[in-house]
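Trainee: need a structure here:
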Amino acid sequence: MMLNKITLKISCFLIVAIIFLIISYELLSLALFLIVGFLFIIITYYILIYLLSDISIMQDKLDASKSDFQNDQIKLNDLEQVRSRFLANVSHELKTPIFTIKGYAETLLDGALEDKNVNSDFIKKIHHQSIRLENLFSDLINISRIESNELVLNIQEIRLDKIITWLEGYYREKIQDKGLNFIIPDCDDITVKVDEKHIKSVFTNLLDNAITYSEKGNIIISVKNKKDMVTISVTDNGVGIKDEHLEKIFNRFYRVDEARSRDSGGTGLGLAIVKHIIEAHGSKVLVTSIMGQGTTFTFDIAKA
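Mentor: Presented below is the predicted three-dimensional model:
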(Lines give C-alpha, C1' and ligand atoms only; values in the text may rest on other atoms or scores of the structure.)
Protein backbone atom coordinates (compact mmCIF):
# COMPACT_ATOMS: atom_id res chain seq x y z
CA MET A 1 0.00 0.00 0.00
CA MET A 2 2.77 2.47 0.96
CA LEU A 3 4.81 1.51 -2.15
CA ASN A 4 1.81 2.21 -4.39
CA LYS A 5 1.38 5.66 -2.85
CA ILE A 6 5.06 6.53 -3.41
CA THR A 7 4.92 5.32 -7.02
CA LEU A 8 1.82 7.47 -7.58
CA LYS A 9 3.60 10.51 -6.11
CA ILE A 10 6.61 10.06 -8.42
CA SER A 11 4.43 9.50 -11.49
CA CYS A 12 2.31 12.58 -10.80
CA PHE A 13 5.41 14.66 -10.17
CA LEU A 14 7.07 13.57 -13.45
CA ILE A 15 3.90 14.29 -15.44
CA VAL A 16 3.65 17.77 -13.93
CA ALA A 17 7.36 18.31 -14.59
CA ILE A 18 7.08 17.40 -18.27
CA ILE A 19 4.06 19.66 -18.74
CA PHE A 20 5.89 22.50 -16.96
CA LEU A 21 8.95 22.12 -19.21
CA ILE A 22 6.82 22.11 -22.36
CA ILE A 23 5.01 25.27 -21.28
CA SER A 24 8.29 26.93 -20.26
CA TYR A 25 9.85 26.16 -23.63
CA GLU A 26 6.94 27.81 -25.42
CA LEU A 27 6.87 30.93 -23.24
CA LEU A 28 10.54 31.59 -22.40
CA SER A 29 13.65 32.35 -24.42
CA LEU A 30 16.26 29.61 -24.85
CA ALA A 31 18.56 31.10 -22.15
CA LEU A 32 15.79 31.42 -19.58
CA PHE A 33 14.54 27.96 -20.52
CA LEU A 34 17.98 26.48 -19.83
CA ILE A 35 18.22 28.28 -16.48
CA VAL A 36 14.72 27.19 -15.48
CA GLY A 37 15.43 23.67 -16.71
CA PHE A 38 18.67 23.49 -14.68
CA LEU A 39 16.95 24.71 -11.51
CA PHE A 40 14.10 22.32 -12.17
CA ILE A 41 16.50 19.38 -12.50
CA ILE A 42 18.11 20.26 -9.15
CA ILE A 43 14.72 20.56 -7.45
CA THR A 44 13.60 17.33 -9.09
CA TYR A 45 16.72 15.55 -7.83
CA TYR A 46 16.09 16.51 -4.20
CA ILE A 47 12.38 15.75 -4.42
CA LEU A 48 13.13 12.30 -5.84
CA ILE A 49 15.64 11.69 -3.03
CA TYR A 50 12.93 12.64 -0.50
CA LEU A 51 10.41 10.33 -2.15
CA LEU A 52 12.89 7.47 -2.40
CA SER A 53 13.73 7.90 1.29
CA ASP A 54 10.11 6.92 1.96
CA ILE A 55 10.85 3.65 0.19
CA SER A 56 13.90 3.11 2.42
CA ILE A 57 11.84 3.80 5.56
CA MET A 58 9.14 1.48 4.33
CA GLN A 59 11.74 -1.24 3.68
CA ASP A 60 13.10 -0.85 7.20
CA LYS A 61 9.58 -1.18 8.60
CA LEU A 62 8.98 -4.27 6.46
CA ASP A 63 12.25 -5.81 7.70
CA ALA A 64 11.30 -5.03 11.31
CA SER A 65 7.83 -6.51 10.80
CA LYS A 66 9.36 -9.60 9.23
CA SER A 67 11.74 -9.97 12.18
CA ASP A 68 8.86 -9.51 14.67
CA PHE A 69 6.82 -12.10 12.78
CA GLN A 70 9.68 -14.59 12.86
CA ASN A 71 10.18 -14.00 16.59
CA ASP A 72 6.44 -14.45 17.21
CA GLN A 73 6.52 -17.65 15.17
CA ILE A 74 9.43 -18.96 17.25
CA LYS A 75 7.55 -18.10 20.46
CA LEU A 76 4.42 -19.86 19.16
CA ASN A 77 6.47 -22.95 18.31
CA ASP A 78 8.04 -22.89 21.78
CA LEU A 79 4.60 -22.55 23.40
CA GLU A 80 3.33 -25.46 21.32
CA GLN A 81 6.24 -27.60 22.48
CA VAL A 82 5.60 -26.61 26.11
CA ARG A 83 1.91 -27.45 25.69
CA SER A 84 2.73 -30.83 24.16
CA ARG A 85 5.20 -31.70 26.92
CA PHE A 86 2.71 -30.56 29.55
CA LEU A 87 -0.05 -32.75 28.11
CA ALA A 88 2.33 -35.69 27.84
CA ASN A 89 3.40 -35.26 31.47
CA VAL A 90 -0.19 -34.93 32.70
CA SER A 91 -1.22 -38.03 30.75
CA HIS A 92 1.69 -39.96 32.25
CA GLU A 93 0.90 -38.80 35.79
CA LEU A 94 -2.79 -39.70 35.43
CA LYS A 95 -2.19 -43.08 33.85
CA THR A 96 -0.50 -44.77 36.83
CA PRO A 97 -3.10 -44.05 39.57
CA ILE A 98 -6.03 -44.66 37.21
CA PHE A 99 -4.68 -48.03 36.06
CA THR A 100 -3.80 -48.95 39.66
CA ILE A 101 -7.31 -48.13 40.92
CA LYS A 102 -8.85 -49.98 37.98
CA GLY A 103 -6.68 -53.05 38.59
CA TYR A 104 -7.44 -53.29 42.31
CA ALA A 105 -11.16 -52.64 41.75
CA GLU A 106 -11.37 -55.40 39.14
CA THR A 107 -9.54 -57.79 41.46
CA LEU A 108 -12.00 -57.02 44.24
CA LEU A 109 -14.95 -57.51 41.90
CA ASP A 110 -13.53 -60.85 40.75
CA GLY A 111 -13.79 -62.26 44.27
CA ALA A 112 -11.08 -60.67 46.38
CA LEU A 113 -13.72 -58.54 48.08
CA GLU A 114 -14.69 -61.61 50.12
CA ASP A 115 -11.08 -62.41 51.01
CA LYS A 116 -10.45 -60.74 54.35
CA ASN A 117 -6.70 -61.28 53.99
CA VAL A 118 -6.35 -58.92 51.02
CA ASN A 119 -9.52 -56.83 50.61
CA SER A 120 -8.57 -54.28 53.27
CA ASP A 121 -5.09 -53.87 51.77
CA PHE A 122 -6.51 -53.37 48.27
CA ILE A 123 -9.02 -50.79 49.50
CA LYS A 124 -6.22 -48.87 51.28
CA LYS A 125 -4.19 -48.85 48.06
CA ILE A 126 -7.20 -47.58 46.10
CA HIS A 127 -7.66 -44.86 48.70
CA HIS A 128 -3.97 -43.93 48.49
CA GLN A 129 -4.14 -43.62 44.69
CA SER A 130 -7.34 -41.57 44.90
CA ILE A 131 -5.56 -39.12 47.23
CA ARG A 132 -2.73 -38.95 44.72
CA LEU A 133 -5.23 -38.11 41.96
CA GLU A 134 -6.84 -35.45 44.15
CA ASN A 135 -3.42 -33.88 44.85
CA LEU A 136 -2.56 -33.94 41.16
CA PHE A 137 -5.80 -32.21 40.13
CA SER A 138 -5.37 -29.62 42.88
CA ASP A 139 -1.78 -28.85 41.85
CA LEU A 140 -2.72 -28.74 38.16
CA ILE A 141 -5.41 -26.17 38.90
CA ASN A 142 -2.99 -24.12 41.00
CA ILE A 143 -0.13 -24.18 38.48
CA SER A 144 -2.54 -23.37 35.65
CA ARG A 145 -3.87 -20.31 37.49
CA ILE A 146 -0.37 -19.17 38.42
CA GLU A 147 1.16 -19.54 34.95
CA SER A 148 -1.82 -17.88 33.23
CA ASN A 149 -1.34 -14.82 35.49
CA GLU A 150 -4.61 -15.50 37.33
CA LEU A 151 -2.86 -15.62 40.69
CA VAL A 152 -4.12 -12.66 42.72
CA LEU A 153 -2.47 -12.29 46.09
CA ASN A 154 -4.43 -11.08 49.10
CA ILE A 155 -1.53 -9.44 50.90
CA GLN A 156 -2.19 -8.87 54.59
CA GLU A 157 -0.16 -8.14 57.70
CA ILE A 158 0.16 -11.49 59.47
CA ARG A 159 2.06 -12.42 62.62
CA LEU A 160 4.66 -14.96 61.57
CA ASP A 161 4.22 -16.97 64.77
CA LYS A 162 0.59 -17.59 63.76
CA ILE A 163 1.75 -19.38 60.60
CA ILE A 164 4.50 -21.27 62.46
CA THR A 165 2.06 -22.41 65.15
CA TRP A 166 -0.31 -23.70 62.47
CA LEU A 167 2.55 -25.62 60.83
CA GLU A 168 3.59 -27.12 64.15
CA GLY A 169 0.09 -28.40 64.84
CA TYR A 170 -0.30 -29.73 61.29
CA TYR A 171 3.08 -31.51 61.04
CA ARG A 172 4.27 -32.33 64.55
CA GLU A 173 2.73 -35.81 64.74
CA LYS A 174 3.58 -36.70 61.13
CA ILE A 175 7.22 -35.75 61.65
CA GLN A 176 7.51 -37.53 65.00
CA ASP A 177 5.92 -40.70 63.56
CA LYS A 178 8.85 -40.87 61.16
CA GLY A 179 11.34 -40.48 64.00
CA LEU A 180 12.38 -36.95 63.07
CA ASN A 181 12.74 -33.83 65.20
CA PHE A 182 10.78 -30.70 64.29
CA ILE A 183 12.59 -27.50 65.28
CA ILE A 184 10.73 -24.20 64.89
CA PRO A 185 11.82 -20.61 65.60
CA ASP A 186 10.69 -18.09 68.19
CA CYS A 187 9.25 -15.23 66.15
CA ASP A 188 6.62 -13.66 68.42
CA ASP A 189 7.57 -10.09 67.52
CA ILE A 190 7.65 -10.45 63.71
CA THR A 191 4.81 -9.39 61.44
CA VAL A 192 5.05 -10.02 57.71
CA LYS A 193 3.15 -8.93 54.59
CA VAL A 194 2.01 -12.09 52.80
CA ASP A 195 -0.92 -13.92 51.30
CA GLU A 196 -1.56 -16.32 54.18
CA LYS A 197 -3.14 -19.09 52.12
CA HIS A 198 -0.39 -19.16 49.50
CA ILE A 199 2.52 -18.77 51.92
CA LYS A 200 1.15 -21.77 53.83
CA SER A 201 1.19 -23.66 50.52
CA VAL A 202 4.90 -22.80 50.20
CA PHE A 203 5.64 -24.18 53.66
CA THR A 204 3.56 -27.34 53.19
CA ASN A 205 5.25 -28.20 49.88
CA LEU A 206 8.71 -27.69 51.37
CA LEU A 207 7.93 -29.61 54.55
CA ASP A 208 6.29 -32.48 52.66
CA ASN A 209 9.46 -32.84 50.60
CA ALA A 210 11.64 -32.64 53.71
CA ILE A 211 9.66 -35.45 55.37
CA THR A 212 9.63 -37.60 52.24
CA TYR A 213 13.39 -37.46 51.69
CA SER A 214 14.50 -37.69 55.35
CA GLU A 215 14.99 -40.89 57.36
CA LYS A 216 16.65 -39.38 60.42
CA GLY A 217 17.74 -36.11 61.96
CA ASN A 218 15.96 -32.77 62.06
CA ILE A 219 13.56 -30.70 60.04
CA ILE A 220 14.21 -27.08 60.88
CA ILE A 221 12.37 -23.86 60.12
CA SER A 222 14.69 -20.93 60.83
CA VAL A 223 14.09 -17.19 60.67
CA LYS A 224 16.54 -14.29 60.31
CA ASN A 225 15.00 -10.97 61.23
CA LYS A 226 16.40 -8.17 59.06
CA LYS A 227 15.56 -4.49 58.66
CA ASP A 228 12.87 -4.65 55.96
CA MET A 229 12.46 -8.36 55.46
CA VAL A 230 12.62 -11.78 57.03
CA THR A 231 14.77 -14.59 55.62
CA ILE A 232 13.13 -17.98 56.13
CA SER A 233 14.83 -21.33 55.64
CA VAL A 234 13.47 -24.87 55.66
CA THR A 235 16.26 -27.39 56.29
CA ASP A 236 16.31 -31.19 56.47
CA ASN A 237 18.98 -33.79 57.17
CA GLY A 238 17.82 -35.98 54.33
CA VAL A 239 19.52 -37.66 51.38
CA GLY A 240 20.41 -34.40 49.65
CA ILE A 241 20.21 -33.40 45.99
CA LYS A 242 23.00 -33.77 43.44
CA ASP A 243 24.29 -30.54 41.88
CA GLU A 244 23.12 -31.64 38.43
CA HIS A 245 19.50 -31.61 39.65
CA LEU A 246 19.49 -28.28 41.50
CA GLU A 247 18.72 -26.12 38.45
CA LYS A 248 15.88 -28.41 37.35
CA ILE A 249 13.97 -29.14 40.54
CA PHE A 250 11.68 -26.12 40.09
CA ASN A 251 10.55 -27.36 36.66
CA ARG A 252 7.08 -28.84 36.36
CA PHE A 253 6.96 -32.63 36.87
CA TYR A 254 10.70 -32.87 37.53
CA ARG A 255 11.57 -35.46 40.15
CA VAL A 256 14.95 -36.30 41.65
CA ASP A 257 13.70 -39.67 42.91
CA GLU A 258 10.61 -40.65 40.90
CA ALA A 259 9.82 -43.82 42.83
CA ARG A 260 9.94 -42.19 46.26
CA SER A 261 8.04 -39.12 45.10
CA ARG A 262 5.20 -41.16 43.60
CA ASP A 263 5.01 -43.48 46.61
CA SER A 264 4.53 -40.42 48.84
CA GLY A 265 1.74 -39.07 46.62
CA GLY A 266 3.89 -36.30 45.15
CA THR A 267 2.78 -34.73 41.88
CA GLY A 268 6.05 -33.22 40.67
CA LEU A 269 4.46 -29.74 40.73
CA GLY A 270 5.09 -28.69 44.32
CA LEU A 271 8.39 -26.86 43.85
CA ALA A 272 7.16 -25.17 40.67
CA ILE A 273 4.24 -23.81 42.71
CA VAL A 274 6.62 -22.71 45.48
CA LYS A 275 8.80 -20.84 42.97
CA HIS A 276 5.86 -18.96 41.41
CA ILE A 277 4.29 -18.02 44.77
CA ILE A 278 7.56 -16.68 46.17
CA GLU A 279 8.20 -14.71 42.96
CA ALA A 280 4.67 -13.28 43.21
CA HIS A 281 5.70 -12.01 46.66
CA GLY A 282 8.65 -10.21 45.05
CA SER A 283 11.36 -12.64 46.10
CA LYS A 284 13.21 -15.74 44.92
CA VAL A 285 13.61 -19.18 46.43
CA LEU A 286 17.15 -20.50 46.67
CA VAL A 287 18.33 -24.05 47.33
CA THR A 288 21.57 -25.51 48.65
CA SER A 289 22.23 -29.18 49.23
CA ILE A 290 24.97 -31.60 50.23
CA MET A 291 24.59 -35.28 49.38
CA GLY A 292 24.07 -37.36 52.51
CA GLN A 293 23.71 -34.28 54.74
CA GLY A 294 20.54 -32.52 53.66
CA THR A 295 18.93 -29.66 51.80
CA THR A 296 17.98 -26.06 52.61
CA PHE A 297 15.42 -23.90 50.81
CA THR A 298 15.61 -20.17 51.54
CA PHE A 299 13.43 -17.19 50.64
CA ASP A 300 12.73 -13.64 51.83
CA ILE A 301 9.36 -12.09 52.70
CA ALA A 302 8.63 -8.45 53.45
CA LYS A 303 8.08 -7.23 57.00
CA ALA A 304 5.08 -5.14 57.88
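Trainee: below-threshold pLDDT in the protein: ranges please.
Mentor: Flagging of the chain using pLDDT under 70 yields the residue ranges 1-56, 58-59, 75-93, 135, 255-267.
Trainee: report how many residues lie close to residue 233.
Mentor: 17 (other Cβ atoms under 10 Å). Where you see a C-beta, it was placed from the backbone N, CA and C, and this is true even at glycine.
Trainee: and it, which of the three is it?
Mentor: strand (DSSP: H, G, I helix; E, B strand; the rest coil).
Trainee: surely it touches residue 206?
Mentor: No. Assessed by Cβ atoms under 8 Å, residue 233 is found out of contact with residue 206, at 9.6 Å.
Trainee: does residue 139 belong to a helix, a strand or coil?
Mentor: Assignment for residue 139 (three-state DSSP): helix.
Trainee: just give the closest residue to it, not the sequence neighbours.
Mentor: Using Cβ to Cβ, 6 or more residues apart in numbering and skipping the chain neighbours, the partner closest in space to residue 139 is residue 269 (4.0 Å).
Trainee: gap between residue 216 and residue 185?
Mentor: According to Cβ to Cβ, to the nearest Å, residue 216 stands 22 Å off from residue 185.
Trainee: between these two, who's got more neighbours?
Mentor: The residue with more neighbours, out of residue 216 and residue 185, is residue 185; 18 against 10, by other Cβ under 10 Å.
Trainee: so what's the closest residue to the more buried one other than its chain neighbours up against?
Mentor: Distance criterion Cβ to Cβ, 6+ apart; nearest residue to residue 185, sequence neighbours excluded, is residue 223 at 4.3 Å. Each residue near residue 223 by Cβ atoms under 8 Å, 6 or more residues apart in numbering is listed here: 160, 185, 187, 190, 230-233.
Trainee: what segments of the stretch 201-304 of the chain are strands?
Mentor: Along the stretch 201-304 of the chain, counting by DSSP state E, counting those that start in this stretch, strands occupy 218-225, 229-236, 286-290, 294-302.
Trainee: show me what the shortest one is packed up against.
Mentor: Going back to what we said before, that points to strand 286-290. helix 243-246, strand 294-302 (3 or more Cβ pairs under 8 Å, 6 or more residues apart in numbering; DSSP states H and E).
Trainee: can you point out the buried residues in the longest one?
Mentor: By neighbour count with 16 or more other Cβ atoms under 10 Å, strand 294-302 contains the buried residues 294-301.
Trainee: what helices or strands is it leaning on?
Mentor: Right, strand 294-302 is packed against strand 191-194, helix 196-212, strand 229-236, strand 286-290 by 3+ Cβ pairs under 8 Å, 6+ apart.
Trainee: please apply the same query to the first one.
Mentor: In terms of contacts (3+ Cβ pairs under 8 Å, 6+ apart), helix 243-246 is packed against strand 286-290.
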